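Colleague: build the 3D model from these lines:
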Amino acid sequence: MSNNTETATRIEHLPEQSRFALFVGDDLAAYADYSEVDGLRDFDHTVTQADFRGRGLAGQVVQHALDATREQGLEIGSSCSYVEKFVSEHPEYRN
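Modeller: Here you go, the predicted model:
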């Protein structure tokens, strides 16, 4: 049972789009795009849709994406300034 102010969120890895996506209900709220070459997954673009900003969703999708990247045995690249800042604040994600 959910109340009116909180809608369920889920994060999906969409490898065909090179993207980790966070949905609030059925709406795409935030995502982290990447490219992958030679064992390095480089995150190059992170977006939170305007209606969903200020809720910490970018941090949630990036943390999930970095955890999944590590679990797959890949190195993390951070061309995206948001991901670079996140990694600098969370040294456990440094290669």
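
Colleague: what pLDDT is listed against the residue lying closest to residue 25 once chain neighbours are set aside?
Modeller: Once flanking residues are discounted, residue 25 sits nearest to residue 7: 4.5 Å by CB to CB, 6 or more residues apart in numbering. For glycine as for every other residue, the C-beta is placed from the backbone atoms N, C-alpha and C. At residue 7, the predicted lDDT confidence score is 80.

Colleague: what's the answer for the one 3 residues further on, then?
Modeller: With respect to pLDDT, residue 10 scores 97.

Colleague: that one is in contact with residue 23, isn't it?
Modeller: Yes: here residue 10 lies in contact with residue 23, judged by CB atoms under 8 Å, at a distance of 5.3 Å.

Colleague: give me the more crowded residue out of those two.
Modeller: Ranked by neighbour count (other CB atoms under 10 Å), residue 10 and residue 23 place residue 23 first, with 18 against 11.

Colleague: residues contacting that one?
Modeller: Going by CB atoms under 8 Å, 6 or more residues apart in numbering, residue 23 touches 9, 10, 11, 12, 29.

Colleague: can you pull the phi/psi pair for the second one?
Modeller: Okay, so that is residue 10. Dihedral pair for residue 10: phi -150, psi 150, per degrees, to the nearest 10.
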